[in-house]
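> give me a 3D structure for the following:
(chains A and B)
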There are 2 protein chains.
Amino acid sequence: MPGYHIDFQPVGRRGECQEGESVLECARRLGVGISSVCGGVGTCGKCQVRILSGSVSEPTSDETETFSPQEINAGWRLACQVYPAGDIKIHVPPESMTTPQRMQVEGFEMEGPFEPPVRSYDVRLELSSLTNQTADAERLLAALSQQHKVDCQTLDFGVLKTLSPQLRGWDSHLRAAVRGKEVVAIFPHSGRQLGFAADLGSTKIAGYLIDLTNGRTLAARGMMNPQISYGEDIISRIAVATSSAGKALDMQALVTNALDQLAGELCTEIGAKKDDIIEAVVVANTAMHHLLLGLPVKQLAMSPFVAAVSRSLDVKARELGLHFAPGAYVHVLPNIAMFVGADHVAVLLATEIWREQGPSIAIDIGTNTEVSLVYQGKITAASCASGPALEGGHIKDGMRAAGGAIERVKVTKEKVEYQTIDDAPPVGICGSGILDTLAQLYLAGVVDGSGRMKENHLRVRNVEKGREFVLVEAGERDSNPPVVFTQQDVRQLQLGKAAIRAGIQVLLEANDCPEEKIKQVIIAGAFGSYIDVSSAIAIGMLPALPLERFRQVGNAAGMGAKRALISLSQRDTARTIAAQVRHIELSTAPNFNQTFTQAMYLGKYRLKQGKREELV
Amino acid sequence: MPGYHIDFQPVGRRGECQEGESVLECARRLGVGISSVCGGVGTCGKCQVRILSGSVSEPTSDETETFSPQEINAGWRLACQVYPAGDIKIHVPPESMTTPQRMQVEGFEMEGPFEPPVRSYDVRLELSSLTNQTADAERLLAALSQQHKVDCQTLDFGVLKTLSPQLRGWDSHLRAAVRGKEVVAIFPHSGRQLGFAADLGSTKIAGYLIDLTNGRTLAARGMMNPQISYGEDIISRIAVATSSAGKALDMQALVTNALDQLAGELCTEIGAKKDDIIEAVVVANTAMHHLLLGLPVKQLAMSPFVAAVSRSLDVKARELGLHFAPGAYVHVLPNIAMFVGADHVAVLLATEIWREQGPSIAIDIGTNTEVSLVYQGKITAASCASGPALEGGHIKDGMRAAGGAIERVKVTKEKVEYQTIDDAPPVGICGSGILDTLAQLYLAGVVDGSGRMKENHLRVRNVEKGREFVLVEAGERDSNPPVVFTQQDVRQLQLGKAAIRAGIQVLLEANDCPEEKIKQVIIAGAFGSYIDVSSAIAIGMLPALPLERFRQVGNAAGMGAKRALISLSQRDTARTIAAQVRHIELSTAPNFNQTFTQAMYLGKYRLKQGKREELV
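Residues are numbered from 1 along each chain as shown, chains lettered A, B, ... in the order given. Predicted coordinates for the structure are as follows:
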């Protein structure tokens, strides 16, 4: 009898649970690092996890002592005390993990203009008396006008609510943060002026804290998107959000609380407070954008996939439940289409690729891969349904980029060499390792051009479900689990990489641009930063161009968010970009199906009108 | 042993409770109409009241059956079952009253301009498809621009949250309400467009529902300000609001819920819904303005009495907890000073007195009386601390204008004639009756010019606390309680009316304007509508001008709110008025104390530089 299926989130490690094995034991066998000090006897309380779905054993007395009935109800358990009673999905919170997930926050930073949308001014107010009973707000606005020639007309309503006691506490000497014609915050004259930029991805959130007096980054940090517990792909989350108004609010609260927490952690890092943040910018894909703002998403997931809004928005942070300065705004960049969001606009903004004549390509690889082609001053964009396989989803031993994930692979006739994150004992394979594995197997002739795995290597074995390649034998190092790469994994990868290659091809053909003319390919995003471009070329995911034409720029979406945070003109540019981009819905493109079929092949080749031309 | 003191609110009737008397019995003896069907045996549950302060008997089983423990905790009891165990204050909700309080909502209406701040447009949106995936908001804004040449830039965030499903439900045919460059509401193409105007007084709230397509009043209604349970005068309420942040929020919620309820009742009256309201205007005195908006009030109640803000404000209704259209704004008129609020600006606006050369006077009589003098194109305003006596507060048998209140009085040597509201058996005296009583006693020689009551009338008697005049003997009609008017009542009234007369005098002297030149005196407000002007002149409260120069205009503040609701230019005018008015703090005026002392006298006279000149 096979054990139950177990799925550890957010690390993304999946496997079978064996008979009589606790969740903690299973996690260890699968290489998921869950903290435990007491040795799994239920006394240290370190191994707290949350059961997201599936049935498990009844709580033990150790667990009822550790958790409140509400917590037990919400699924909280001790991993060492709980036993699966069916297929289960488990959330391991960061504080219970021994191996934190790798977060990509840095990106290639280009100098951008500094024209902050909020500026602050030091003012001294006239004192009030029985012969000068001028209201507090009027005295503040008069001081701004007289002392700084700043013509403000309104005070944010939240600022108005605190102004009177605060200015008395500060002896009528303060700084006022002004945005347009509105006072959005007041603080002591020695106060800080911070900005918060975030790249809100479906899986991860990258946050940046910026000094708005000079544009410098003070701190950067990543965290998992907690909505992942409602589904890894955006379509499942939309299904949840449309199931009830309450669920939609829950989904929104998850992500706004996460942003609030991330901002708080960044502030703590530099000894500041959240309400020192007087402006924020968020970029996200269109679905996350809608889920963050609480906009309806039902129409997003149904053909013809229409967004509620695409222009940029300025929303009061307090309306989103963010505890920034009372009048702080969150500026949200414009999106282009359901599957080409503000995050891609931010990539175009940060890389400045939009300025070029091209042909240049910007690509952000993920479950959904956005590609833009800039050619002759025009931008054409498409979205490719590349699926979760490239990042380790739907891959037997796939996992996200955490400690113990295999990230580099070399296969020769005799042996397999690999490198793991943090040099930890191998646990599974993350995206870059998966791409390497397929490329290496193809180059070593273990997998042929059509993707069929052959029986010509010592490490290939036939199992019940077909062939598989053993990357790591069990117990090679510190009793690690075995790590294999299966025939099915190859098929999943082929579907994903073909979607990307076909998308690029459609853009090229729509612009009559031959592939070999492409001057540069900018690869943005966390996944794209870590891949070996040669491997991506070897399997035919990317065009076979000279390597020097590729640039891996890291989290360019986050860099774009930072640019928009500190510059009004960059916001204008983002609007111009979003308005200019021509979006092509791939399914409506001629030859798409043929092109896709050809792009399934591994190897170096060129595509033309749905035909494949092999390169040496 | 005397009984306990009992105070019925909001009707304002006070008295002594006798030994062994239930609250219901006491209410009946004092003439307060509390409903009861079962004859006071605890079974009908009609006589629900709430104990606001003081100790009472333990709940009976009838009460524990009627109320939840939370309700009992909150003070809810059955009047027939509860017995005072000390001095108590009781709230009688409208549904438990047999005699509703008289509400002044009507006012003298002058034709004003109709230029509504929100206009709505019928639009048909382009249909979306895979080749036209334009976002919903963008298609709406494009339709407004193409079909109506309306250049809108933004959609309210609340509208954005409902737009996508709604336009699909309405087959892409809808009306959009536009305010400036913002879409504030969308509704089916046959939908209503309503406006709500409110005069938020310390004691009463008057509400009006307006058709924003033509400016017509569809319904009008008044209600008590529920904050009255926190204190009748504004200073006690400020004390409560500054005692803790929680109390301040409670105070705010009381009044926002009341406005929301009033708007709801008005909508129900005409078969509409609250979210048909797409714009609102509220006028209030400065303290109520701050309590409504949740602005800090501590500095308002301490010299030099500074408002947090005086300019007009546009606040989203949802930020105040009002359930109007998602993007509806509440426009709040500007105020002039702590004691001269937006309600007075609304009076000046509605009466158009600001257009005149004058000398003209506008006066709104209440616990706090605002007076403006318009002379030679200038407006000077002052606030007079007239106190609660004129409206029946601090008067032994005073009460608010509800059924059974004596509102007109005639005293001759032989007898006393009186008229009660609704012609009900007499219960107490309301403001206009109190003014009449004093005037009649003065004219009959029972009270002399200095305010001393003489023993020269059959109805005068000496009691423990001094002299009193018996207006109504006990049991004259349907076992009514006795109603008396005491020497102390005379003194309270003198203080109140002297404050008003001295305030008028200070304004005249500050403008070098002789009293006899005054061309008109406009008396606004509920109290002012019902008083007999001759009585007010007879006691020296108002200058002795020919009667034809006085105009009683009813709720002019409410009329001003309506004007501002339907006209942008009237809002500009209100801003201009508020900015032009010179406010005089009476306590800083020369001769104020002397003038006040002289104004205590009863009779017809003129005041000059603190001296009194009797008139015949």
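> and the most centrally placed residue in chain A, what does it touch?
Note on chain A: the residue nearest the mean C-alpha position is A:Gly201, at 2.8 Å, using CA atoms, centre = their mean. Going by CB atoms under 8 Å, 6 or more residues apart in numbering or on different chains, A:Gly201 touches A:225, A:284-285, A:288, A:343, A:366, A:557. Heads up, the C-betas are built off the backbone N, CA and C, glycines and all.
> and the gap between it and A:Val283?
As judged by CB to CB, to the nearest Å, A:Gly201 and A:Val283 stand 9 Å apart.
> which neighbours do these two share?
A:343, A:557.
> partners of the residue lying closest to A:Glu356 once chain neighbours are set aside in the sheet?
Leaving out its chain neighbours, the residue that sits closest to A:Glu356 by CB to CB, 6 or more residues apart in numbering or on different chains is A:Val374, at 5.4 Å. Legend: beta-bridge partners of A:Val374 under DSSP bridges are A:Ser360, A:Ile379.
> next: the one 10 residues further on.
Here A:Cys384 shows beta-bridge partners A:Thr369, assigned using DSSP bridges.
> list the residues that contact it.
By CB under 8 Å, 6+ apart, the contact set of A:Cys384 is A:368-371, A:499-500, A:502-503, A:586.
> okay, now the unreliable bits of the stretch 1-150 of chain A?
A:1-2, A:37, A:98-105, A:107-111 (pLDDT under 70).
> tell me which parts of it are close to chain B?
Contact residues, the stretch 1-150 of chain A versus chain B (CB under 8 Å from any CB of the partner chain): A:128-138.
> get me the contact residues on the stretch 501-616 of chain A for chain B.
A:583, A:585, A:587-588.
> report the buried members of those.
Listed as buried from those are A:583, A:585; burial here means 16 or more other CB atoms under 10 Å in any protein chain shown.
> quick one: the strands in the stretch 501-616 of chain A, in order.
With strands called from DSSP state E, counting those that start in this stretch, the stretch 501-616 of chain A shows them at A:520-524, A:550-554, A:582-584, A:605-608, A:611-614.
> got it, and the stretch 151-300 of chain A?
Under DSSP E, counting those that start in this stretch, the stretch 151-300 of chain A gives strands at A:154-155, A:173-179, A:182-188, A:194-200, A:204-211, A:217-224, A:277-284.
> and the residue lying closest to A:Arg216 once chain neighbours are set aside, how far is that from A:Val184?
Nearest residue to A:Arg216 in three dimensions, chain neighbours excluded: A:Ile210, at 6.8 Å (CB to CB, 6+ apart). The gap separating A:Ile210 from A:Val184 is 16 Å, by CB to CB.
> these two touch, right, A:Leu52 and A:Phe8?
No: counting by CB atoms under 8 Å, A:Leu52 does not reach A:Phe8; the two are 10.2 Å apart.
> between the two, tell me which one has more neighbours.
Between A:Leu52 and A:Phe8, counting by other CB atoms under 10 Å in any protein chain shown, A:Phe8 is the more crowded of the two (25 against 15).
> the more buried one: what's it in contact with?
By CB under 8 Å, 6+ apart, the residues touching A:Phe8 are A:14, A:27, A:30, A:32, A:90, A:92.
> how about it, nearest residue that isn't a chain neighbour?
Excluding the flanking residues, the one nearest A:Phe8 by CB to CB, 6+ apart is A:Val32, at 4.8 Å.
> who touches the one you found in this structure?
Shown in contact with A:Val32 (CB under 8 Å, 6+ apart): A:8, A:11, A:13, A:92, A:427.
> quick one: which of these is most hemmed in?
A:Val11 (31 neighbours).
> so A:Val281 sits against A:Tyr329, correct?
No: between A:Val281 and A:Tyr329 there is no contact under CB under 8 Å: 9.4 Å.
> name the residue in these two with the higher neighbour count.
A direct count of neighbours by other CB under 10 Å for A:Val281 and A:Tyr329 places A:Val281 higher, at 30 against 25.
> so what pLDDT did the more buried one get?
Note on A:Val281: pLDDT of 98.
> over to A:Leu438?
Confidence score, pLDDT, at A:Leu438: 97.
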